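Trainee: Sequence and predicted model, in that order:
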Amino acid sequence: MDGPFEIIARDGGSRARAGVLRTPHGDVPTPAFVPLATKATVRGLVPAEVEEIGYSMVLGNTFHLHQAPGDELIAQAGGLHRFMRWERPIITDSGGFQVFSMGHGNVADEIKGRRPAGRQEGGAIVSIEEEGVTYRSYVDGSERFMGPETSMEIQANLGSDIALVFDECTPFHVDRDYTARSTERSHRWLGRCLDWHEARGPAGQLVYGIVQGGVYEDLRAASADEVAASAADGIAIGGSLGEDKAQMYEVVDWATARLGGPHEHRPRHLLGIGEVDDLVRGVELGIDSFDCVMPTRLGRHGVALVPDPENRWRLDLTTARQRGSREPLMEGCPCPACAIGYERGYLHYMARARELTAMRLLTLHNLAFLARVMTRLREAIIAGELAEAAAALRAGQAP
Ligand SMILES: [Zn+2]
């Protein structure tokens, strides 16, 4: 093995692999889901709880932490790990997604076809140039700048184990020409990020390049080749993944098809994806790690993940039919929230009342559920039984 990623087993029928990602703050068994700690906390939980339910890495947000409390303050506090008392691996995104969302609308929602684009948190893009992006801060209205070097410097201050390069997350509604020009600029920014990191980056911090190219096969292939040819330690797949699941899988397939052979020892991360069926397919397509706001956001809105594919693995506890229900949240669930023994009727009442306890419990349950999905997939790859495990999960078997 040379590099941070060791592949310990491969699936014969797909591109799936099980591995160990080695970082300065410890190892991450893969394939893995990565919970969001956007603003230096997995909302509602303390580090010991995140660890207890099976996670070894979380994702912090470069843009938000730069705005508040400020990456320099975090550096003075000893870095992000010390600041949030999470001494395990942390990946930080580059901030590009949030900066460009101010101009493009909420890309995540658009990617998943949920609702039309809208402004994010009141910020605004002033200009996009080769050097970087000038934007108006949503915190104090001041004009600020973020470019490749700024993003890497912020991530150096945060001291994350894995930094992502600054790129433009191209949305679905832009045309091929815009996507092509943007992707080429992202490649130039990749080079600038790697140059800055080589000269000034923290020792041991890994850097992932990001494959862009929208929904265009040739652009995705060219971008995958470009990132693979760079010195990036790992490879993330970002940008618009299409308008439905079929297109998303196709786009991921185009990228990972180019990342085998001499490049296979680089870990691959799929940005912003976390639905159960997408995790299963992503693993089959050769993805090693995923992050997504879904399990924690759903938990805060009274929705639990359960083994029910017909309802997209969701149980909405806020609906009237859950009122007075004596059923457990999920029969046989080994998570710490279900261990208490609360009935759905009680959780329904608390979720409707917006009680913090309900948000916390459902966040715990949802994250524990996805952790078990990933463990199940990993063990199946190692045992040579991925096809059976994938079929069972898709059919609604509990992880
Ligand atoms: Zn549970």
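Mentor: In hand now; what should we look at?

Trainee: contacts and neighbour counts: CA atoms only from here.
Mentor: Will do.

Trainee: Can you list the residue ranges for strands in the stretch 201-350 of the chain?
Mentor: 206-211, 234-237, 268-270, 289-291, 303-305, 314-316 (DSSP state E, counting those that start in this stretch).

Trainee: Make sure Phe100 is actually in contact with Asp167.
Mentor: No - assessed by Cα atoms under 8 Å, Phe100 is found out of contact with Asp167, at 9.1 Å.

Trainee: Could you give the number of residues near the residue in the stretch 151-300 of the chain positioned nearest to the ion?
Mentor: When scored by Cα to the ion, the stretch 151-300 of the chain has Gly299 as its residue closest to the ion, at 11.4 Å. Using other Cα atoms under 10 Å, Gly299 has 24 neighbouring residues.

Trainee: contacting residues around it?
Mentor: Met359, Arg360, Leu361, Leu362, Thr363, Asn366 (Cα atoms under 8 Å, 6 or more residues apart in numbering).

Trainee: nearest to Ala16, of these?
Mentor: Using Cα to Cα, Asn366 comes nearest to Ala16 of these, at 23.9 Å.

Trainee: Tell me how far the residue lying closest to Asp288 once chain neighbours are set aside lies from Leu219.
Mentor: Leaving aside its sequence neighbours, Asp288 sits nearest to Pro31 (Cα to Cα, 6 or more residues apart in numbering; 4.4 Å). Per Cα to Cα, to the nearest Å, Pro31 is found 26 Å from Leu219.

Trainee: From the centre of the protein, give me the residue that's furthest out.
Mentor: Gly324 (35.7 Å; Cα atoms, centre = their mean).

Trainee: Just the pLDDT at the residue of the stretch 151-300 of the chain closest to the ion, thanks.
Mentor: Per-residue confidence at Gly299 stands at 98 (pLDDT).

Trainee: do the same with the one 3 residues further on
Mentor: We note a pLDDT of 98 for Gly302 in this prediction.

Trainee: That one touches Met359, doesn't it?
Mentor: Yes - the pair Gly302 and Met359 passes the contact test of Cα under 8 Å, sitting 6.8 Å apart.

Trainee: any shared contact partners between these two?
Mentor: Ala351.

Trainee: follow-up on the earlier one: from Pro89, how far off is the residue farthest from the centre of the chain?
Mentor: 42 Å.

Trainee: try Gln98
Mentor: In terms of Cα to Cα, Gln98 sits 22 Å off from Pro89.

Trainee: thinking again about what came up before, who touches the residue farthest from the centre of the chain in this structure?
Mentor: Arg344, Gly345, Tyr346, His348.
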